[in-house]
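S.K.: Just a sequence and a predicted model for now, questions to come.
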Amino acid sequence: MIELTLIGIGTGNPDHVTGQAVRAMNAADLILIPLKGADKSDLAGLRRAICAQHLANPATQVVEFALPVRDAANPSYRAGVDDWHDAIADAWEGQIRAALGDRGGRVALLVWGDPSLYDSTLRIADRLAGRMDLRTRVIPGITAIQALCAAHAIPLNDIGAPVVITTGRQLRQAGWPTGADTVVVMLDGDCAFRGLPPEGIDIWWGACVGMPEEVLRAGPLAQVADEIVATRAALRADHGWVMDIYLMRRRTGAGGA
């Protein structure tokens, strides 16, 4: 049997890794580190740094592998993602069998944030479970939402009020969620807030949250939107990638969408 442990590592800061996560890393026979190409080599470097700081078991193998790339030209987003996840499951299976053979063992993957929140690792693990004798467990991690709120020293919600967590794609397609006063937006590669009427909305934005490179911006959306767009573009140009997240809140009496 393969015991696959998905370990939440927060936003990449080694200090965000919990004691439970450290124990799971050191109990693993194999840790897999995906490589996402030269322009995102820093992401693998962060995983290596976490292993260097927390991994003390000399018997644990750390294996890097090339992560398949999603076909962005596929006209069906969902079909493209399904094909991509199948390819990733193929890559996991190949690396696990090469390292452990048929004897089984404990395999760990280091997952940004928390594996339960806007991350596909659990869905890919389900695909793998159809091919191997596999049991999956999850070690929770600090989410980007927690890190963002902590960095800005703000509460996630107003008193007794709900919060909507969505994606940039959904915000672009559907606009401001109906009935929501607080919206957290993840996986936004194109600053979808630019498509909203900005009046009465405040935004708290952060990139590389919790890391030494952290950049924060906040204020009325009408005043800071352009600055956020420019800052994000500069970070992406410098690093080849950027991880960012933002929270928006309607001011009392601002009205709904």
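M.R.: Yep, it's here.

S.K.: avg pLDDT for stretch 119-131?
M.R.: Average pLDDT, stretch 119-131: 93.

S.K.: ah, wrong one, I meant stretch 79-94
M.R.: 94.

S.K.: quick one: it to chain centroid distance?
M.R.: Distance, stretch centre to chain centre, for stretch 79-94: 18 Å (Cα atoms, centre = their mean, to the nearest Å).

S.K.: try stretch 153-173
M.R.: The answer for stretch 153-173 is 16 Å, by Cα atoms, centre = their mean.

S.K.: Now Ile159. Its backbone dihedrals?
M.R.: phi -60, psi 120 (degrees, to the nearest 10).

S.K.: Next one: it from Gln173, what distance?
M.R.: 31 Å (Cβ to Cβ, to the nearest Å). The way it works is simple: take the backbone N, C-alpha and C, and place the C-beta from them, glycine included.

S.K.: who has more neighbours, those two?
M.R.: Legend: neighbour count by other Cβ atoms under 10 Å for Ile159 and Gln173, higher for Gln173 (10 against 5).

S.K.: Return the list of helices and strands in contact with whatever helix or strand Asp226 lives in.
M.R.: Asp226 is part of helix 221-239, with elements assigned from DSSP states H and E. Helices and strands touching helix 221-239, by 3 or more Cβ pairs under 8 Å, 6 or more residues apart in numbering; DSSP states H and E, are strand 201-207, strand 215-220, strand 244-250.

S.K.: tell me the angle of it relative to strand 201-207?
M.R.: 10 degrees (axes from the mean of the first three to the mean of the last three Cα atoms, to 10 degrees).

S.K.: Let the chain start at 24 from now.
M.R.: Got it, first residue is 24 now, which makes that one helix 244-262.

S.K.: Contacts for helix 244-262, please.
M.R.: 65, 214, 216-217, 219, 221-222, 224-226, 228, 230-231, 238, 240-241, 265, 267, 269, 271 (Cβ atoms under 8 Å, 6 or more residues apart in numbering).

S.K.: Stretch 143-163: how far from the chain's middle?
M.R.: On Cα atoms, centre = their mean, the centre of stretch 143-163 falls 17 Å from the chain's centre.
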